[in-house]
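Got a predicted structure here, sequence first:
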Amino acid sequence: MAFSFLSRDMFGDLERLHRELQQAFEGGPSIRGAGRGGFPAVNVGSTPQSIELYAYVPGLEPSSIEVDLERGTLSISGERASALPSDGEKSVVHISERFSGRFRRAVSLPDDIDPESVSADYKNGVLHVCVKRRAEALPRRIAVQ
Amino acid sequence: MNEHTNVTPRNSERREAATATALLPPVDVIEDGAGITLYADLPGVSRDKLDLQIDTDTLTIEGVAEVELPEGLEAKHAEITVPHYRRVFTLSRELDTEKVTAELHQGVLKLRIPKAEHAQPRKIEVRG
């Protein structure tokens, strides 16, 4: 076989190499623990009027998700129950990759946000939090008399 | 209980996912006497953007995450950059692919694949 020198676990090796490269270029994980690869995955964006956070946190009830804004830090937390059977049941777990247990992720917000105008909605397992900027901080054009 | 995995992730799936630049959704696979239950995390996928296919012994889960973004949004930090999920499994023969049921609730897919009647556990009485 021409390819017999290739190790069977070549893709596992490649994945490890990828992780090492990622570590080298992106630095270590955040002091709050969950960096890239934590649960839930979070995207943050901004517009001139607001800061928008999207947390990919599937399988929860909207009422069980806690969204807190305290001293300029927006945090989302909650708990996700395991889908795996409890001990003693007559079943076998073949693959267990989904996150279960308590989670918390926090994001530092810029200074110009209005802590009074925060809204959150949950759809298809994605939590969207919108934090408006203070009105006086919005960009304005001043008319020249 | 069988020693082998009845729902086997394809060895090549990492490669397939890489070429299609899709995310590999995390799954749980649990087997009981009557069948297999598979849970997959697909946040952002609605029912009409979920595509489940069974082709003889191959189960393919594909979905597109759709998140409404406000106008003028500038990304500051992104962990999910690809809105596409894909994962492929090989099913073993005793599973009854005609009777698969699927539910999607808040981005979690629950698939139930029962075993064919003849593959269900039976107690054999010992006569003596």
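Done, it's in. Numbers count the residues shown, from 1 in each chain, chains lettered A, B, ... in the order given.

Return the backbone torsion pair for B:Ala75.
The phi/psi pair for B:Ala75 (degrees, to the nearest 10) reads phi -70, psi 130.

hang on, it packs against A:Ile51?
No: applying CB atoms under 8 Å as the test, B:Ala75 and A:Ile51 come out as separate, 11.9 Å apart. C-betas here are computed from N, CA, C, even on glycine.

who's more crowded, those two?
Neighbours were counted for B:Ala75 and for A:Ile51 using other CB atoms under 10 Å in any protein chain shown; A:Ile51 has more, 21 against 12.

So what are the sheet partners of the helix or strand containing the more buried one and their directions?
Counting by DSSP states H and E, the element that carries A:Ile51 is strand A:50-56. Using DSSP bridges, strand A:50-56 pairs in its sheet with strand A:41-46 (antiparallel), strand A:126-133 (antiparallel).

Next secondary structure after it?
strand A:66-70.

so what does the following helix or strand past that next one touch, helix or strand wise?
Next helix or strand after strand A:66-70 toward the C-terminus (DSSP H and E): strand A:73-80. Contacting strand A:73-80 under the criterion 3 or more CB pairs under 8 Å, 6 or more residues apart in numbering or on different chains; DSSP states H and E are the following elements: strand A:50-56, strand A:66-70, strand A:101-108, strand A:126-133.

which ones are touching the residue in chain B positioned nearest to chain A?
Closest contact between chain B and chain A, by CB to the nearest CB, is at B:Gly107 (2.0 Å). Applying CB atoms under 8 Å, 6 or more residues apart in numbering or on different chains to B:Gly107 gives the contacts A:Tyr56, A:Pro58, A:Gly59, A:Asn124, A:Gly125, A:Val126, B:Asp41, B:Leu42, B:Pro43, B:Gly44, B:Val45.

State the distance from the third one to chain B.
Put plainly, it is A:Gly59. 4 Å (CB to the nearest CB, to the nearest Å).

hey, what's the residue nearest to that residue when sequence neighbours are not counted bridged with?
Residue nearest to A:Gly59 in three dimensions, not counting chain neighbours: B:Val108, with 3.8 Å by CB to CB, 6 or more residues apart in numbering or on different chains. Listed by DSSP bridges, the beta-bridge partners for B:Val108 are B:Asp41, B:His105.

Run a quick neighbour tally on residue 91.
No chain was given, so I picked chain A. Applying other CB under 10 Å, we find 17 residues neighbouring A:Ser91.

that's the wrong chain, I wanted chain B
Neighbour number of B:Leu91 under other CB under 10 Å is 20.

Do I have it right that it meets B:Val29?
No: checked against CB under 8 Å, the pair B:Leu91 and B:Val29 is beyond contact range at 11.0 Å.

Helix, strand, or coil at A:Arg19?
Following DSSP: H, G, I helix; E, B strand; the rest coil, the label given to A:Arg19 is helix.

quick one: the helices in chain B?
B:13-19 (DSSP state H).

where in it is pLDDT low?
Where chain B drops to pLDDT under 70, the residues are B:1-6, B:10-20.
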